[in-house]
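K.L.:
sharing a model prediction with you, sequence too.
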Amino acid sequence: MKAILILVLWSVPFGMIAQQLPQFSNFNDLGQYFNPAYTYSQYNYAGVLAFRKQWTGIDGAPQTQLINFNKSIKNNFAAGINLMNEKIGAQKNLSISPSFAYKLKFNKKNSLVFGLNGTITSYEINYNNLRVIDPDDVAKAENIKNQVYNFGSGFKLNLDKSFVAFSVPLILNNKISNISTVNSTQSKHYFLFAGTTFHPNKKYEYKPLLLLKYAEDSPLSIDAKLELLYKKKLLLGVLYRYNNSFSLNIGLVANKQISIVYAYDYAFNQISPHVSGTHEISLKFNGKPRRPTKRDDLYKAKFD
């Protein structure tokens, strides 16, 4: 059954290739991945290592590794880079995305950050790696190996304890392959991200978050998330992805420079009877603050 399911998911007609950007449950730590404005942070440098294994129990299900890093430059500038490796069945994607950001400060609590990014993506599809029912289908298909260049932009508006961010990380609808039988392009993705912070007392901190993602020719993705930070050390979170799945997150803020978060996703869509869930883990690190501040702990820096 699993082999047949893989055919349904990934062995779509050879003239089509799914080009949706991978999704993450701990997206608030990975803002630089989908919005170059997050290249700017309050630290001299910062970075994230993330790994996601989706739909455990299915051969060929998506696996994604992500590394991003940013460093402050003089005045209000910052530069960074994203490296992403993704494997989905017979398809392998590797992307490198340098980014730049500038912060326009209105006052002590309000600011606007602009970001730009460029992306080089290598696409490789080897149809011989598929499990097939009819070998003649693969024999007629041409393997794909190509590089595509793109760019994107975004902004992040900081308003005291709240924020709103919008980005389009891939602006051009580039053709993936020059093979005449393959009709596939990079899809534009639109991200709208917003959140706020509540401090009822010194022990607890609440963060409701909302992420909307829309890709051309795909349904709107809605992620609603609530995080609780206890004594600036223990992080608990719950996420609901509309009509798709929910996720439980647990994290530990080891000190002001390192934190780790684990997420477990449970799908309740058509694929749920055949999978054992999705696992995701991310490690975040940072250097010293750009300047001394009372809010220089790692967790609060996510939205500063």
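P.N.:
Sure thing, it's come through.
K.L.:
packing partners for the helix or strand hosting Phe155?
P.N.:
Per DSSP states H and E: Phe155 is located in strand 144-159. Helices and strands touching strand 144-159, by 3 or more CB pairs under 8 Å, 6 or more residues apart in numbering; DSSP states H and E, are strand 110-125, strand 162-168. (C-beta placed from N, C-alpha, C; glycine too.)
K.L.:
leaving out sequence neighbours, find the closest residue to Leu228.
P.N.:
Once flanking residues are discounted, Leu228 sits nearest to Leu236: 4.8 Å by CB to CB, 6 or more residues apart in numbering.
K.L.:
and if you look at Pro200?
P.N.:
That would be Tyr206: by CB to CB, 6+ apart, it lies 7.3 Å from Pro200.
K.L.:
before we move on, back to that, ok but the residue nearest to Leu228 is inside a strand, no?
P.N.:
Yes. Counting by DSSP: H, G, I helix; E, B strand; the rest coil, Leu236 is found in a strand.
K.L.:
looking at strand pairing, list the partners for it.
P.N.:
Leu228, Ile250 (DSSP bridges).
K.L.:
check Phe166 too.
P.N.:
Applying DSSP bridges, one finds that Phe166 bridges with Phe155, Leu192.
K.L.:
OK, contacts around it?
P.N.:
35, 154-155, 190-193 (CB atoms under 8 Å, 6 or more residues apart in numbering).
K.L.:
same thing with Tyr123?
P.N.:
Tyr123 touches 17, 91-93, 144-148, 176-177, counting by CB under 8 Å, 6+ apart.
K.L.:
can I get the residues you listed in JSON lines including pLDDT, distance to Asp59 and neighbour count?
P.N.:
Formatted as JSON lines, those follow (pLDDT from 0 to 100; distance: CB to CB, whole Å; neighbours: other CB atoms under 10 Å):
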{"residue": "Ile17", "pLDDT": "45", "distance to Asp59": "19", "neighbour count": "21"}
{"residue": "Gln91", "pLDDT": "87", "distance to Asp59": "14", "neighbour count": "21"}
{"residue": "Lys92", "pLDDT": "91", "distance to Asp59": "15", "neighbour count": "16"}
{"residue": "Asn93", "pLDDT": "93", "distance to Asp59": "18", "neighbour count": "20"}
{"residue": "Ile144", "pLDDT": "80", "distance to Asp59": "21", "neighbour count": "20"}
{"residue": "Lys145", "pLDDT": "85", "distance to Asp59": "22", "neighbour count": "11"}
{"residue": "Asn146", "pLDDT": "88", "distance to Asp59": "25", "neighbour count": "16"}
{"residue": "Gln147", "pLDDT": "91", "distance to Asp59": "27", "neighbour count": "11"}
{"residue": "Val148", "pLDDT": "93", "distance to Asp59": "27", "neighbour count": "20"}
{"residue": "Ile176", "pLDDT": "80", "distance to Asp59": "24", "neighbour count": "18"}
{"residue": "Ser177", "pLDDT": "69", "distance to Asp59": "25", "neighbour count": "20"}
